[in-house]
Structures are given as structure tokens and as C-alpha cells.
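In: Starting from these lines, generate the structure:
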Amino acid sequence: MNAPLRLLPWTTPEGRPCYLSTDSAQSRLSRLADDLEAAQLDSGEQVRTGARAVLADSEAGEHALRFALTRAVECLGDVLRIAVSRGARIGTGDGPAPRTAPAADRP
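Out: The predicted structure is shown next:
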């Protein structure tokens, strides 16, 4: 097995990174990781929409702002982990198909 280790989109209970060593991007665990990454990206889009709504509401209280920021920071952590994982796999042919930007974000 000469494939590089894949950073997985979850951590150990102690918060340490988890890695996968496999020769196949189609292994059961690779597909599970791909599915979780997709769910995390979808969640990030939903959180961004909610955070924008809170920011646009001039009467949003401290609790709403803190909640929106907390969720945004959590999602940012997920997205950064995904970016590191996918960046490490560029050129290996093991990455999932690239996603297109949501229509609202396209020029």
C-alpha cells in the first residue's frame, strides 16, 4: 500500500485526527467518509444561511448571535478538515468528484 493516509472527517474521542490507509477510494470506509464530508458541507451551507438571517436581523439578541457564531465556527472547522484531506489527495485520483458552488455564490 503506497497510497497516502487519508485524513478522515472525524476525530477520536480525545480530539485527535483519524486517518485511513487504503488502496481504494471505493472502500466502505472511504465511501462513508465521502458521505460524511458531503453532509458536513451541506450543513455548512444551511448554517451560513441561518447566520446571514441572524446578522440581517437588527433585533437579534446576544443568544442568537452567539449560537450562530458557534455553529459557524464548528462548520468552519469541518470545512478546513475537508480541505486539508482533499488537498492531500490532489493528484492521487482518490478524491471525490468536485462540487460546484451553490447557484447563489456563482458570479
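In: Residue 23 - how many residues pack around it?
Out: Other residues within reach of residue 23, judged by other CB atoms under 10 Å, total 9. Just so you know, the C-beta spots here come from the backbone N, C-alpha and C atoms, and that holds for glycine as well.
In: for residue 82, same thing?
Out: Residue 82: 20 neighbours (other CB under 10 Å).
In: so what's it up against?
Out: 9, 37, 40, 41 (CB atoms under 8 Å, 6 or more residues apart in numbering).
In: what about it, which helix or strand?
Out: Assessed by DSSP states H and E, residue 82 sits inside helix 62-89.
In: now swap in residue 18 and tell me
Out: Counting by DSSP H and E, residue 18 is part of strand 17-20.
In: Mind listing what's buried along that strand?
Out: Buried residues in strand 17-20, counted by 16 or more other CB atoms under 10 Å: none are found.
In: re the thing from before, mind checking the pLDDT average for the helix holding residue 82?
Out: Averaged over helix 62-89, pLDDT sits at 95.
In: distance between that helix and the chain's centre?
Out: Between the centre of helix 62-89 and the centre of its chain there are 7 Å (CA atoms, centre = their mean, to the nearest Å).
In: thinking again about what came up before, columns distance to residue 20 and neighbour count on top of the contacts of residue 82, output as a markdown table?
Out: Below are those laid out as a markdown table (distance: CB to CB, whole Å; neighbours: other CB atoms under 10 Å):
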| residue | distance to residue 20 | neighbour count |
| --- | --- | --- |
| 9 | 10 | 20 |
| 37 | 12 | 20 |
| 40 | 16 | 18 |
| 41 | 19 | 15 |
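In: ok, now which ones touch residue 65?
Out: With CB under 8 Å, 6+ apart, residue 65 has these contacts: residue 54.
In: try residue 28
Out: By CB under 8 Å, 6+ apart, residue 28 has no neighbours at all.
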